[in-house]
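K.L.:
sequence below, structure please.
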Amino acid sequence: MVKRLRLVTICSAIAISLCLTSATAWAGPYSAAVLADNPVGYWTFDSVSLDHPFVVNSGTQGASLDGFTDVDPANVGIPGPAYSGFDFGNSAILFTDANTQIVTVPTTGISPGILDFTTGQSFTAELWFQSNGDGGPEYMLCKNRATSGAADSNYGIRLAGEKISFHFHTASGGYVEWESNKQVTFGSENFWHYLAISHTFGDGTTGGATRVYIDGMDITADGAWKNGSQHAIPAVNTADALRIGGARNNTNSTFDGRIDEVAMYNRFLDTSELDAHYAASGRTGDTFLDLPDPGDYVYNGEFEIEVTGPPFPYGWNTDYGSFEATKHAGFSATGAIEPGTNAVLMTVEDSGRFGQDIDPGSRWEVGFRFAVEEISEEGRTLHFIVADRDDRNSGCRFRVNENGDLQVTDGVEGTLTWTTLPNGEGVIAGSIDATLDGDFDDVEDTLNVYSIKVVGDYSDETPTYDVWLSDANSETLNLLAEDVDWFEKSLPPAGTSPYRLNFLGDSSQVGDYLVDGVYLNSWDVTIPGDATGDNIVDADDAKILAQNWGMASGAGWEDGDFNGDGAVNAADAAILAAHWGTGATEESAATVPEPSLIGMLILGLSAMAVAPRRRLSR
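P.N.:
Below you'll find the model as predicted:
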């Protein structure tokens with residue numbers, strides 16, 4: 001009887017949640033994860049466009065920490081992070097480097113230790129940001145910066161020279177700052193960063209503790225303190241406001257970009273809590289974005305992916321990276337990520353690579369597009385290694401000249417030539433020699449034209465490969481594994497250690513080429529809400545959630561605990577609802593019904609589960 005009631009309750013709850021999502025906003029997994037850890041302030045900016053200039057606080061302090069904004073109404077209600085963990089239509093605020101256009105949260109009458117902190121007290125500030133990266137000091141958040149007085153700032157978080165900076169003043173007027181050693185990547189309006197900074201204030205000699213966490217990584221050790229000690233006693237001014245997006249006293253320090261999901265906690269959050277928040281966002285490589293139609297675009301990390309075939313498999317379980325590049329003109333350049341470009345520039349002087357470990361028994365896919373500019377002479381060779389363990393064990397080789405469409409030929413038009421060549425280390429590498437045509441003076445005309453996709457199955461000691469090549473007319477030449485001889489060396493025995501799948505590009509002659517939409521994709525993904533592990537979120541998963549509904553601790557993924565908190569509750573139901581119908585096959589992904597129909601389906605499931613018990617009781 002108890003299990004039957006649980007099933008009816010959870011199925012009804014999911015059905016109601018699904019029906020509501022078609023008409024109203026609901027708290028997605030990310031918001032649920034944040035609220036579960038009781039922030040004193042949580043400003044999502046989702047209702048600012050309707051309530052302008054008011055900014056609502058969803059944290060535990062409620063309306064006492066509501067704020068207001070001077071930001072132009074045209075710059076509120078703009079798109080925020082669109083990863084799967086966020087509400088549909090999630091909104092952010094755009095700050096335009098104007099000192100008057102910021103968000104202010106008055107703190108008059110707020111007790112000490114809520115947003116003002118001194119010796120022995122801790123806080124965590126958490127937010128998402130997208131910066132235009134102009135290099136100047138840009139405040140994302142600060143407490144007490146209304147005047148130019150040195151003893152006015154309790155704490156502040158900003159970008160300084162495109163580096164993360166956390167600082168505070170001391171009562172004596174000192175300025176203490178932690179700054180990251182590396183710059184943050186900017187450039188794309190779709191490229192968001194998650195940032196959380198935790199700090200405990202010391203007594204002047206001991207007690208200070210700091211954690212800086214960005215995009216799933218603790219980077220505290222990659223920065224350094226300047227102008228003083230992290231143990232310093234901070235200045236405290238309880239009368240002044242918390243400011244988001246700028247500092248009122250400085251016209252040159254307002255943020256230039258978008259900020260969203262700002263949360264303040266009056267405690268030091270554990271790394272496990274930050275990990276859970278970041279994972280709930282869907283920004284961890286598995287974006288869990290809705291699968292697009294062929295020809296549409298998906299944004300994940302720094303690279304733009306154009307879907308050139310059926311929306312299969314589910315998700316983009318990918319390790320994305322930015323290639324460092326050096327142009328032969330002598331200046332450094334990093335892979336461009338401007339909208340419409342999103343390409344990586346590499347030359348003969350340098351190469352770029354990134355990779356991920358693929359577990360034995362998994363299937364994988366590598367894909368990229370390329371375009372060429374500044375051809376210095378005919379016969380230039382581009383070398384892409386797309387599947388290996390040691391960077392140099394297998395690859396695809398393309399030969400560039402100025403004649404003909406993309407071809408794979410052995411001298412007889414249309415015939416594949418697959419050869420083996422020494423790669424300089426005594427290892428034979430598979431290669432494809434191909435000719436490319438085109439006027440490569442205008443990169444815009446050639447970008448995203450030529451593409452290659454390689455699919456492999458690492459299910460035994462010898463992986464298999466399928467290869468797809470697309471020409472300038474997007475016509476596909478399909479090369480099956482049995483048609484090619486892809487030499488592989490140093491592959492670990494199945495079941496022992498991960499297989500390292502890398503992407504590497506270089507050039508044999510002077511000249512530049514652009515590589516776009518690079519991805520390394522593991523097909524063996526874990527879909528949120530898939531308790532059974534069959535790669536589809538459906539009624540079987542709802543049954544498991546119902547059977548374990550109310551577990552307060554000790555629950556695992558297979559029990560329906562999808563957010564890792566050990567419990568099975570409404571937060572897990574929301575995750576299941578958000579991914580209902582998602583599957584690892586093209587067919588299942590393409591036939592997801594409307595939310596209202598899903599609700600009816602689940603209610604029907606609950607009725608079916610109850611009916612047999614009634615018959616047995618007669």
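
K.L.:
please confirm that Ala276 is located within a helix.
P.N.:
Yes. Using DSSP: H, G, I helix; E, B strand; the rest coil, the assignment for Ala276 is a helix.

K.L.:
and it, how far is that from Leu94?
P.N.:
28 Å (Cβ to Cβ, to the nearest Å). To be clear about C-beta, it is placed using only N, CA and C from the backbone, and glycine gets the same treatment.

K.L.:
what does Asn38 give?
P.N.:
The value you get for Asn38 to Leu94, if Cβ to Cβ is used, is 29 Å.

K.L.:
more neighbours: those two, which one.
P.N.:
Leu94 (22 against 12; other Cβ atoms under 10 Å).

K.L.:
please point out which parts of stretch 223-239 sit buried.
P.N.:
The neighbour-count check on stretch 223-239 (16 or more other Cβ atoms under 10 Å) flags Gly223, Trp225, Gln230, His231, Ala232, Ile233, Pro234, Ala235, Val236, Asn237, Thr238 as buried.

K.L.:
and if you look at stretch 47-63?
P.N.:
Neighbour-count burial for stretch 47-63, with 16+ other Cβ under 10 Å as criterion, is recorded at Ser47, Val48, Val55, Val56, Asn57, Ser58, Gly59, Thr60, Gln61.

K.L.:
tell me the domain ranges of the chain?
P.N.:
8-37+527-618, 38-268, 318-522 (automatic domain parsing).

K.L.:
lowest average confidence across those domains, which one?
P.N.:
Lowest mean pLDDT within the domains of the chain: domain 318-522, a mean of 38.

K.L.:
now the buried residues of stretch 47-63 in JSON lines, with distance to Gly556 and secondary structure?
P.N.:
As requested, the buried residues of stretch 47-63 are exported to JSON lines (distance: Cβ to Cβ, whole Å; DSSP: H, G, I helix; E, B strand; the rest coil):
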{"residue": "Ser47", "distance to Gly556": "36", "secondary structure": "coil"}
{"residue": "Val48", "distance to Gly556": "39", "secondary structure": "helix"}
{"residue": "Val55", "distance to Gly556": "39", "secondary structure": "strand"}
{"residue": "Val56", "distance to Gly556": "36", "secondary structure": "coil"}
{"residue": "Asn57", "distance to Gly556": "34", "secondary structure": "coil"}
{"residue": "Ser58", "distance to Gly556": "30", "secondary structure": "coil"}
{"residue": "Gly59", "distance to Gly556": "30", "secondary structure": "coil"}
{"residue": "Thr60", "distance to Gly556": "29", "secondary structure": "coil"}
{"residue": "Gln61", "distance to Gly556": "34", "secondary structure": "coil"}
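
K.L.:
and those, which is closest to Thr108?
P.N.:
Closest to Thr108 out of the buried residues of stretch 47-63 is Gln61 (13.1 Å), distances taken as Cβ to Cβ.

K.L.:
ok, now which ones touch that closest one?
P.N.:
Val40, Gly41, Ile110, Ile114 (Cβ atoms under 8 Å, 6 or more residues apart in numbering).

K.L.:
who wins for most neighbours among the residues you listed?
P.N.:
Going by other Cβ under 10 Å, Gly41 tops the contacts of Gln61 with 27 neighbours.

K.L.:
just checking, it touches Val56?
P.N.:
No. Assessed by Cβ atoms under 8 Å, Gly41 is found out of contact with Val56, at 10.6 Å.

K.L.:
who does the residue nearest to Cys142 when sequence neighbours are not counted form a beta bridge with?
P.N.:
Excluding its sequence neighbours, the residue lying closest to Cys142 (Cβ to Cβ, 6 or more residues apart in numbering) is Gly156, at 3.7 Å. Beta bridges link Gly156 to Cys142, His167, judged by DSSP bridges.

K.L.:
wait, doesn't Gly156 sit right on Ala247?
P.N.:
Yes. Gly156 is within contact range of Ala247, at 7.3 Å (criterion: Cβ under 8 Å).

K.L.:
more neighbours: the two, which one.
P.N.:
Ala247 (26 against 23).

K.L.:
was I right to think that one contacts Ala241?
P.N.:
No. Distance between Ala247 and Ala241: 10.7 Å, which falls outside the contact criterion (Cβ under 8 Å).

K.L.:
that older thread, quick check: the farthest pair among the contacts of Gln61?
P.N.:
Most distant of these, by Cβ to Cβ, are Gly41 and Ile110, 9.8 Å apart.

K.L.:
shared neighbours, the two?
P.N.:
Common neighbours of Gly41 and Ile110 (criterion: Cβ under 8 Å, 6+ apart): Gln61, Leu65.

K.L.:
thought Leu65 was touching Ser111?
P.N.:
No. Look at Leu65 against Ser111 with Cβ under 8 Å: they stay out of range, at 11.5 Å.

K.L.:
which of the two has more residues huddled nearby?
P.N.:
Counted by other Cβ under 10 Å, Leu65 and Ser111 do not tie: Leu65 has more neighbours, with 25 against 12.

K.L.:
check contacts around the spatially closest residue to that one that is not a sequence neighbour.
P.N.:
Residue nearest to Leu65 in three dimensions, not counting chain neighbours: Asn57, with 4.2 Å by Cβ to Cβ, 6+ apart. By Cβ under 8 Å, 6+ apart, the contact list for Asn57 reads Gly41, Tyr42, Trp43, Ala63, Ser64, Leu65, Asp66, Gly67, Val105.

K.L.:
could you redo the last one with a cut-off of 7 Å?
P.N.:
Contact analysis of Asn57 by Cβ atoms under 7 Å, 6 or more residues apart in numbering lists Gly41, Tyr42, Trp43, Ala63, Leu65, Asp66.

K.L.:
between these, which is nearest Thr205?
P.N.:
Looking across the contacts of Asn57 and measuring by Cβ to Cβ, the closest to Thr205 is Gly41, at 30.9 Å.

K.L.:
got a list of what the closest one touches?
P.N.:
So Gly41 contacts Asn57, Gly59, Gln61, Leu65, Val105, Ala263, Met264 (Cβ under 7 Å, 6+ apart).

K.L.:
tell me the phi and psi of it?
P.N.:
phi -130, psi 140 (degrees, to the nearest 10).

K.L.:
what's opposite it in the beta bridge?
P.N.:
Residues in beta-bridge contact with Gly41 (DSSP bridges): Met264.

K.L.:
do the same with Tyr194
P.N.:
Trp128.

K.L.:
sorry, back to before: got CSV for the buried residues of stretch 223-239, with secondary structure and distance to Asp215 too?
P.N.:
Putting the buried residues of stretch 223-239 into CSV (DSSP: H, G, I helix; E, B strand; the rest coil; distance: Cβ to Cβ, whole Å) gives the following:
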residue, secondary structure, distance to Asp215
Gly223, strand, 15
Trp225, strand, 22
Gln230, coil, 23
His231, coil, 28
Ala232, coil, 28
Ile233, coil, 32
Pro234, strand, 27
Ala235, coil, 30
Val236, coil, 31
Asn237, coil, 32
Thr238, coil, 33
